[in-house]
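Asker: need coordinates for the below:
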Amino acid sequence: MTLVHYCSCTAPRMSRTVEVDAQISQEMHQIYGTSDGIPPEELDPREVWWRDRYIRLHDHGYLLRSRYSPQWIPSWKTSKKNWRDAEDGKRLKFGQVIDATRTSDGKVVTLKRIKRERHPYEADIALYFSSDDLASHPANHCVPVYEVFTLNAEDDTFIMVMPLLRPYIDPSFDTIGEAVECFRQLFEGLQFMHKHHVAHRDCMNKNIMLDPTDLYPESFHPVAINLNKSYSGEAKHLTRTRRPPKYYFIDFGISRHYDPSDTDPKEIPIWGGDKEVPEFRNSNEPRDPFATDVFYIGNAIRMDFLRDKQGFEFMTPLVANMIQADPDKRPKMDEVVARFADIRHGLGQRKLRSRVVDVDEDLLERISRTTAHWKRRLRFIVTRVPAIPSPPSQVVPKNLD
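Answerer: As a prediction, the model looks like this:
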């Protein structure tokens, strides 16, 4: 009773306390990378899971960074270095995903831990698109899977091994033509999935990545991706025009693979990363997952290009059709691909080689970026580098389906 009376009488003070706590929590997150206030020399619970499996992962052929070794001593404890400047001071962004070095060849890969009880189809779908029949198809834009294994036969958790990728919008696009090639690959990749009766169901912008191998010849730090591998400076990269990347869809946690005989599958709504799906609002009615995929990819382009960049007005009509509220009125991916091909062919060289402009860039940024862009542009014109850069084509297998 006393507690209730106290809280009631001191409401203004409690409100202020909550405000201060929120500020402290935000500061802790900025300082430690977590709102729990854990100092950098302590692993958070997500990291402890990997630390406890460090030796078994090494025995399986994957070496985690020094931070996750059971014998780890923070480097800043034995030097004058500030922990913020230490490579081993950076904690994981996503606890279920970690980088590792494959001991057989020194290649840096990504490990993802998945609980089969929670995501029973993720590994099967990922492995399906990494099968011999489909892996080399140029229209396949599902992330390659090198291996799936468990560390304990009785454990429900398995590890999926994939290449080290980057967010698809990082580094920034230099030209309209670079973005046009990105759109082509994304539409092609989703069409490929749908032709093989797989709905992604969460193909929003954060689940689209790129292969950075050629863009970053000297690679980058796997957690602080804008820094180099040694955590000592900025990661150097080339342009997409010079080294065109391949784009990939990741995260098949809520994806579904349907029997070809099921021509009209429906799924109860499951919210993915994009919270704007019209058909999921105020309704749990089963919906067409393929139409929802069309919305996701269209909305990704709307948010990352139409809203935040200048010069992409040519995509507005198609994107508007893809994200319209009635899923039955959205185009199928076959139609999206065909309409985009017409759009692409209607764009001239001048448009394709023009610079991608951020809507919020200031005058100094515009002058600096435009000057650098024109130097590259003239060089690419003289050397006949295509305005729409595409990665080297792969051999298409005889059996496409």
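Asker: how confident was the prediction at residue 114?
Answerer: Per-residue pLDDT puts residue 114 at 95.
Asker: in which helix or strand would I find it?
Answerer: Using DSSP states H and E, residue 114 sits in strand 108-115.
Asker: who are the packing partners of that strand?
Answerer: strand 97-102, strand 157-163 (3 or more CB pairs under 8 Å, 6 or more residues apart in numbering; DSSP states H and E). C-betas here are computed from N, CA, C, even on glycine.
Asker: residue 126: which of those is closest?
Answerer: strand 157-163 (6.4 Å; CB to CB).
Asker: what's the average pLDDT for the closest one?
Answerer: On average, strand 157-163 scores 96.
Asker: pull the number of nearby residues for the nearest residue to residue 208 once chain neighbours are set aside.
Answerer: Spatially, and ignoring its direct neighbours in sequence, residue 208 is nearest to residue 168 (4.3 Å; CB to CB, 6 or more residues apart in numbering). Burial of residue 168 is recorded as 21 neighbouring residues (other CB atoms under 10 Å).
Asker: ok, now which ones touch residue 168?
Answerer: Residues in contact with residue 168, defined by CB atoms under 8 Å, 6 or more residues apart in numbering, are 182, 205, 208-210, 247.
Asker: so residue 75 sits right up against residue 85, yeah?
Answerer: No. Between residue 75 and residue 85 there is no contact, the gap being 9.5 Å when judged by CB atoms under 8 Å.
Asker: between these two, who's got more neighbours?
Answerer: residue 75 (16 against 12).
Asker: kindly provide the distance from the more buried one to residue 328.
Answerer: Computed as CB to CB, to the nearest Å, the residue 75 to residue 328 distance reads 58 Å.
Asker: tell me how far the host helix or strand of residue 377 lies from the chain's centre.
Answerer: For residue 377, the element it lies in under DSSP H and E is helix 363-382. On the basis of CA atoms, centre = their mean, to the nearest Å, helix 363-382 sits 28 Å off its chain's mean C-alpha point.
Asker: and what of stretch 210-224?
Answerer: On CA atoms, centre = their mean, the centre of stretch 210-224 falls 14 Å from the chain's centre.
Asker: which positions in that stretch come out as buried?
Answerer: Using 16 or more other CB atoms under 10 Å as the test for burial, stretch 210-224 gives 210-212, 214-216, 219-223.
Asker: over to stretch 134-154?
Answerer: Quick answer for stretch 134-154 (16+ other CB under 10 Å): 134-135, 137-145, 147-148.
Asker: okay, those residues in JSON lines with distance to residue 39, secondary structure and pLDDT next?
Answerer: Shown next, in JSON lines, are those (distance: CB to CB, whole Å; DSSP: H, G, I helix; E, B strand; the rest coil; pLDDT from 0 to 100):
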{"residue": "134", "distance to residue 39": "47", "secondary structure": "coil", "pLDDT": "96"}
{"residue": "135", "distance to residue 39": "44", "secondary structure": "coil", "pLDDT": "95"}
{"residue": "137", "distance to residue 39": "48", "secondary structure": "coil", "pLDDT": "95"}
{"residue": "138", "distance to residue 39": "48", "secondary structure": "coil", "pLDDT": "95"}
{"residue": "139", "distance to residue 39": "48", "secondary structure": "coil", "pLDDT": "97"}
{"residue": "140", "distance to residue 39": "44", "secondary structure": "coil", "pLDDT": "97"}
{"residue": "141", "distance to residue 39": "41", "secondary structure": "coil", "pLDDT": "98"}
{"residue": "142", "distance to residue 39": "39", "secondary structure": "strand", "pLDDT": "98"}
{"residue": "143", "distance to residue 39": "34", "secondary structure": "coil", "pLDDT": "97"}
{"residue": "144", "distance to residue 39": "37", "secondary structure": "coil", "pLDDT": "97"}
{"residue": "145", "distance to residue 39": "36", "secondary structure": "coil", "pLDDT": "97"}
{"residue": "147", "distance to residue 39": "35", "secondary structure": "strand", "pLDDT": "96"}
{"residue": "148", "distance to residue 39": "35", "secondary structure": "strand", "pLDDT": "96"}
